[in-house]
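[1] dropping the sequence and predicted coords here.
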Amino acid sequence: MLKRYLLILLSALPLVSTSGCSRITLLRIEELKAVESRIDSTRAQLSLFQDAITKQQKDEYELIRLLRADQQLRFSEIDRKVESIAGNLSESQQRLSQIDKKTQEFKSKWEEKAKADSLAVKQKVDETAKFYQLATDDFNAKRYELAIGGFKDFKVRYPESPLIDEATYFIAESYYLLNNYQAAEEALLGYIKTYPQGKKICSALHKLGLVFELAKKDKSRDMVFKKLLEQCPDSDEATILKNSPEKEIPPAKVR
C-alpha cells in the first residue's frame, strides 16, 4: 500500500513540476507582452514627438526661407532704390554741370557786354566832353556866335548829358555878351524856368536883372534881384549887388 502510494506520489510529482513551470512561463509571457506594449506605446509617442519635431523644423525652415526671401526682396528693393538715387544724383550732377556751364557762358557774355558797354559809355563821355569843350573854347575865345551854335548842337546831340544845364546857360550869356539882349532875355527866362535849382541859377538871375536894367524894366529888375538875394544870399552875384550902392536893391528875406 505504501509502495503504491509512493508510486502515485512519484507519478504526480512531474505533473506538479510541469504545472508550476507553465504558470511561471505564462507570467513571463504576460510581463513580456506588457513590456512590449509599453515599448510600442513609447515608440508611438516617440514617433509622434519626432513627427511634431519634424513638422516644427519644416515650419521653421519655411519661415526662415520666407524671411530670407523677404530680406532678399527688401535688399533687392533697396539696391534698386540706391541705384535709382545714384542715377538721379548723376543726372542732377549733369544738370548742375550744364547749369554751371551755361552760367559761366552767361557770365562771360555779360562781362564782355559790360566791358563793351563801359567802353561805349567811356567813348560817349569822351566824345561828349570833347564836343562840349569845343563850344567852351569858342566861348572863352569870345567867339560867341560859334559858341552859341556849338552849345545848341551839343544839346541836340546829347540831350541826356548832365552838362545840358550849363550849355543852356552859356547860350544865354553868349547872347548877352553879343549885346543881343532880347535873345538873352528869352534864353535866361527859359533857363530859369527849366532849371530853377540849376548850377547857373544865380548867374542867370543876375544876368537877367542886368538885361532888365538895360531895357529900363526897373520893376522886373527889382523882382529878379530880390529873388537873387533870397535864393543865393552867399553867391558872388549877391555880393556884387550888395557892393553896388548906386543900385537900389530890394531887401532880401531873412532865412
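    On my side now, so go ahead.

[2] what's the neighbour count on the nearest residue to Lys199 once chain neighbours are set aside?
    Of all residues not flanking Lys199 in the chain, Asp165 sits nearest, at 5.3 Å (Cβ to Cβ, 6 or more residues apart in numbering). The C-beta positions use only the backbone N, C-alpha and C, and glycine is treated the same way. By other Cβ atoms under 10 Å, 16 other residues sit near Asp165.

[3] OK, contacts around Asp165?
    When contacts are counted by Cβ atoms under 8 Å, 6 or more residues apart in numbering, Asp165 is found next to Tyr195, Gly198, Lys199, Lys200.

[4] between the residues you listed, which has the most around it?
    Lys200 (21 neighbours).

[5] I'd guessed that one sits against Tyr191; true?
    Yes: using Cβ atoms under 8 Å, Lys200 makes contact with Tyr191 at a distance of 7.1 Å.

[6] got any ranges where the stretch 151-255 of the chain has weak pLDDT?
    In the predicted model, the stretch 151-255 of the chain carries pLDDT under 70 at residues 245-255.

[7] then the stretch 1-150 of the chain?
    Low-confidence segments of the stretch 1-150 of the chain, defined by pLDDT under 70: 1-21, 75, 78, 82, 96, 99, 103, 106-124.

[8] which stretches in it count as strands?
    Secondary structure of the stretch 1-150 of the chain (DSSP state E, counting those that start in this stretch): no strands located.

[9] all helices for it, in order.
    Using DSSP state H, counting those that start in this stretch, the helices of the stretch 1-150 of the chain run over 2-140, 144-157.

[10] check the stretch 151-255 of the chain too.
    Under DSSP H, counting those that start in this stretch, the stretch 151-255 of the chain gives helices at 164-177, 181-194, 201-214, 218-231, 236-242.

[11] what does the second one contact?
    Just to be clear, that refers to helix 181-194. 168-169, 171-173, 175-176, 198, 200-201, 204-205, 207-208, 211-212, 214-215.

[12] how many residues are close by the nearest residue to Leu228 once chain neighbours are set aside?
    Nearest non-adjacent residue to Leu228, counting by Cβ to Cβ, 6+ apart: Leu205, 4.1 Å away. Number of residues near Leu205 (other Cβ under 10 Å) recorded here: 25.
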